[in-house]
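Q: What follows is a predicted protein model with its sequence.
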Amino acid sequence: MKKRSHTCLLATTMASIVLLMMVLYGTINSQQPESSHFKHDYQLLGRPLFKLDTSWPKYPELFGGDVFAVAVNHHGEVVYVAQRGDTVPKILVFTTSGDFLMSWNTSTLEMPHGMFLADPTSSNPTLWITDVGNGPYGHCIKQYSPSGNLLQVLGTPGTAGTRLNPLQFDQPAEVFVHGSGEMYIVDGDGGANNRLIKLSKDLQVLWVHGEQGAGLAQLYIPHSVTVDDYQRVWVADRGNKRIQVFDAATGDWLASWGSCFTEDAPYSVRLTPDRKHLVVTQLNANQVSLLEAPPVGVVGQCRVVGVIRLPDDVKPHLVDVDQGTGALYVAEIGAGQAQKYVPFHQGGGPFY
Ligand SMILES: *[C@@H]1O[C@H](CO)[C@@H](O)[C@H](O)[C@H]1NC(C)=O
């Protein structure tokens, strides 16, 4: 039996008010042309942990391509958006409050897939971008300065990887660069390689999981990767509809979560700054799920605590989390835009 507490009632009342406000807001804005229904129509299921920030960005018409990835520099309060398309610049740069700063374009980037902002607190933050293109610059991972100068290339540009060379990629999906400089690569997005690679700060291979399959520690379309504070590596093992967890130091397999992903695979995995939740996108189910992040030493079963359900065809792909404010930025391929979701309690008091 559950005790219906005062706080629970309060939360229900607040949720109703917010829902009413959302409905009113949607009605007021329904006269707007174009794809504005993508912006205002969404549902919160379970605990309402986040709400859409409809004021971000201030100039959404700048999105003109297929938006695949986002990366946040919480220290510099800057958001990078990567998009594909022949007539659009590949990278758009906004502030976290929605102002447009700049865009950049380069022939060295064919089909951006995943993005990661490394060293956000240093004076030299850099942007790592994986490229799944088939042209002369594809199949590799590039490091750019924030304004688009190419600094470094990992892999063999234009040549899809072989299983023999861990640093020759085949549609590399995403990278995660730890504060220590160590890098985790998921390779990749449907190519022949299905690998999780850990590199040292000086790019030496420390360990690799490279076996394609559905068994424990095997991978099929490893699509996103993040590392928590307890030396655990979380991998969105998309083709197997599960998240797998590995020991960051040894590469040992720790656990697998499948029960939350029977409907649709996890596409993206990130942690909230309070380390209480994993943020997971599910592209075909059009939702962003908040999962309980388990404490040190225990992985256990996955538990979904809240869901942002988006309209059909929004197709949320990859997400990044502002490690200062906790805001989520979601790259939505179908809607052709990135959106910002802010923690519900901001300015609104506690909700549970
Ligand atoms: C960006 O660069 C690519 C490759 O050079 C080019 O095909 C594309 O037209 C450029 N886009 C814009 C908007 O200039």
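A: In hand now; what should we look at?
Q: List the residues that contact residue 42.
A: 52, 308, 309, 310, 311 (C-beta atoms under 8 Å, 6 or more residues apart in numbering). (Each C-beta comes from the backbone N, C-alpha and C, glycine too.)
Q: burial measure for the first one, as a count.
A: For residue 52, the tally of surrounding residues (other C-beta atoms under 10 Å) stands at 21.
Q: pretty sure it is touching residue 339, no?
A: Yes. If you go by C-beta atoms under 8 Å, residue 52 and residue 339 touch, sitting 6.4 Å apart.
Q: Sketch out the low-pLDDT regions of the chain for me.
A: Scanning the chain with the threshold set as pLDDT under 70 gives 1-40, 345-352.
Q: Give me every residue in it lying close to the ligand.
A: 86, 87, 88, 89, 105, 107 (C-beta under 6 Å from any ligand atom).
Q: Can you turn the buried part of those into a ChimeraX selection?
A: The ChimeraX selection below is limited to those of these classed as buried (16 or more other C-beta atoms under 10 Å):
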select :88,89
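Q: Which of the residues of the chain next to the ligand fall in strands?
A: Of these, none are assigned to strands by DSSP state E.
Q: Any idea which residue of the stretch 251-352 of the chain lies closest to the ligand?
A: residue 336 (15.2 Å; C-beta to the nearest ligand atom).
Q: quick one, what contacts that residue?
A: Per C-beta under 8 Å, 6+ apart, neighbours of residue 336: 35, 63, 64, 65, 66, 67.
Q: rerun at 7 Å
A: Neighbouring residues of residue 336 by C-beta atoms under 7 Å, 6 or more residues apart in numbering: 63, 66, 67.
Q: could you dump those residues to JSON lines with distance to residue 95, secondary structure and neighbour count?
A: As requested, those are exported to JSON lines (distance: C-beta to C-beta, whole Å; DSSP: H, G, I helix; E, B strand; the rest coil; neighbours: other C-beta atoms under 10 Å):
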{"residue": "63", "distance to residue 95": "16", "secondary structure": "coil", "neighbour count": "19"}
{"residue": "66", "distance to residue 95": "23", "secondary structure": "strand", "neighbour count": "19"}
{"residue": "67", "distance to residue 95": "17", "secondary structure": "strand", "neighbour count": "29"}
